[in-house]
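> could you look at this predicted model? Sequence included:
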Amino acid sequence: SGGLFPEQRLTRAEAVRGATWAGIHMARGERELGSITPGHLADLVVLDRDLFDGDPSALPETRVRYTLLGGEVVHAA
């Protein structure tokens, strides 16, 4: 229940940051990507739930509602 190495678990915030901003930072792209701020490219997904609220066991059920690339909707569920 605690995982193989419980002392190495990530918080939800750490996991989301690692899957989003950290990758952009490692690629040195944070001037254009990695945050929803003026002047940055609008590549993002809209999910059907708040990842930081609710039961962690429900996270695998999360679905993508919209995908935007360059500010344009390229997928809508």
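Looks like it came in fine.
> so the closest residue to G70 other than its chain neighbours, which state does it fall into?
In space, and not counting its chain neighbours, G70 is closest to L41: 6.0 Å by Cβ to Cβ, 6 or more residues apart in numbering. Where you see a C-beta, it was placed from the backbone N, CA and C, and this is true even at glycine. On the three-state scheme (DSSP: H, G, I helix; E, B strand; the rest coil), L41 is labelled coil.
> give me the neighbour count for L41.
Around L41 there are 13 other residues, counting by other Cβ atoms under 10 Å.
> report the contact partners of it.
Contact partners of L41, counting by Cβ atoms under 8 Å, 6 or more residues apart in numbering, are E32, L33, G70, G71.
> helices of this structure, start to end?
When assigned using DSSP state H, the helices of the chain occupy the ranges 12-19, 21-26.
> for the chain, give me the ranges with low pLDDT.
Flagging of the chain using pLDDT under 70 yields the residue ranges 1.
> just give me the neighbour total for E32.
Per other Cβ under 10 Å, the neighbour tally for E32 reads 10.
> okay, now G34: neighbour count?
19.
> got a list of what it touches?
T20, W21, I24, H25, H40.
> could you redo the last one with a cut-off of 6 Å?
W21, I24 (Cβ atoms under 6 Å, 6 or more residues apart in numbering).
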